[in-house]
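what follows is a protein structure lacking sequence information:
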């Protein structure tokens, strides 16, 4: 079973920040949290990952709670092209990802 | 730079037929993976290859075999296709296991009648 849980869906207004929560209370101390997204039926696209510290790249920011039981992906200025299914996953030392059903994000004009 | 290339993109099989899905990456990655995605669900790992010459089972390996032909290529074979194997199959690669992000192909949409 996936070690992460996410809301099924959420809406976001174009230009506003989108905050996507993820619970991962059962991941172990050496497992990274990864975020991917899947647009339409394309292959998943890597967004960001982290272990303990908050991370930021050109696509998004990742905020991980101090106890590592949850995290939030932040898309700072959502655009229509950000409409996708967003997956919060964990990975073991072999890089095996465990996907849940993800969050369907719909960005509206 | 093509990244991860999967062939074919679409395929329809009859129950009992066999087929090999091909995957090739041009990023000199060590690790490669095969996933399946059923409607409305996340991806599930079928097999993976941590490095050339090694393969291991993932979450749902039954009914499949794999071959890591060389560093670039990782194929998935269905020996006797069943309707339950109707799915979208994704191949992915990463520089190495662990913390390296995976790069995915665009998938093979497989229907088994």
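Okay, I see it. These numbers were taken from a predicted model, which means no experiment stands behind them.

pick out the residue closest to the middle of chain B.
residue B:34 (3.0 Å; CA atoms, centre = their mean).

secondary structure element for it?
Here residue B:34 sits within strand B:31-37, counting by DSSP states H and E.

which stretches of chain A form strands?
A:9-13, A:18-23, A:32-38, A:45-50, A:55-56, A:61-64, A:70-75, A:84-91, A:97-98, A:103-108 (DSSP state E).

contact partners of the worst-scoring helix or strand of chain A on mean pLDDT?
Within chain A, no helix or strand scores below strand A:97-98, which has a mean of 82 by mean pLDDT, DSSP states H and E. When contacts are defined by CB atoms under 8 Å, 6 or more residues apart in numbering or on different chains, strand A:97-98 is touched by residues A:2-4, A:34, A:36, A:89-91, B:33, B:43, B:45, B:59, B:102. C-beta here means a position set from N, CA and C on the backbone, and glycine is covered the same way.

by pLDDT, rank the residues you listed and give me the bottom one.
Among these, residue A:2 carries the weakest pLDDT, at 55.

does chain A sit close to stretch B:77-92?
Yes - using CB under 8 Å from any CB of the partner chain, stretch B:77-92 reaches chain A at B:88, B:90, B:92.

residues from chain B in reach of chain A?
B:4, B:31, B:33, B:35, B:40-45, B:48, B:50, B:56, B:58-59, B:88, B:90, B:92, B:94, B:96-107, B:109.

shaky segments in the chain?
In the absence of a named chain, this looks at chain A. Scanning chain A for pLDDT under 70 picks out A:1-2, A:93.

you looked at the wrong chain, it should be chain B
Across chain B (using pLDDT under 70), the flagged ranges come out as B:1, B:97-98.

go again using 90 as the cut-off
Chain B contains residues with pLDDT under 90 at B:1-2, B:39-42, B:50-53, B:69, B:95-101.

can you show me the helices along it?
For chain B, applying DSSP state H gives no helices.

at which residues are the strands of it located?
Assigned by DSSP E, the strands in chain B fall at B:4-7, B:10-13, B:19-25, B:31-37, B:43-49, B:56-57, B:64-68, B:74-78, B:87-94, B:103-104, B:108-112.

wait, which of those strands is closest to residue A:25?
strand B:43-49 (21.6 Å; CB to CB).

rewinding a little: adjacent strands (with direction) for the least confident helix or strand of chain A?
Strand pairing for strand A:97-98, using DSSP bridges, gives strand A:84-91 (antiparallel).

what angle separates the partner strand from strand A:103-108?
150 degrees (axes from the mean of the first three to the mean of the last three CA atoms, to 10 degrees).

give me the contacts around stretch A:63-74.
A:17-25, A:27, A:29, A:33, A:35, A:47-48, A:50-54, A:60-62, A:86, A:88.

now list the buried members of these.
Neighbour counting by 16 or more other CB atoms under 10 Å in any protein chain shown classes A:18, A:20, A:22-24, A:27, A:33, A:35, A:47-48, A:50, A:60-62, A:86, A:88 among these as buried.

report the two of those residues separated the most.
A:18 and A:27 (23.0 Å).

quickly note the distance from residue B:94 to residue A:39.
Using CB to CB, to the nearest Å, residue B:94 is found at 20 Å from residue A:39.

of the two, who's got more company?
Neighbour count, other CB atoms under 10 Å in any protein chain shown: between residue B:94 and residue A:39, residue B:94 has more, with 24 against 13.
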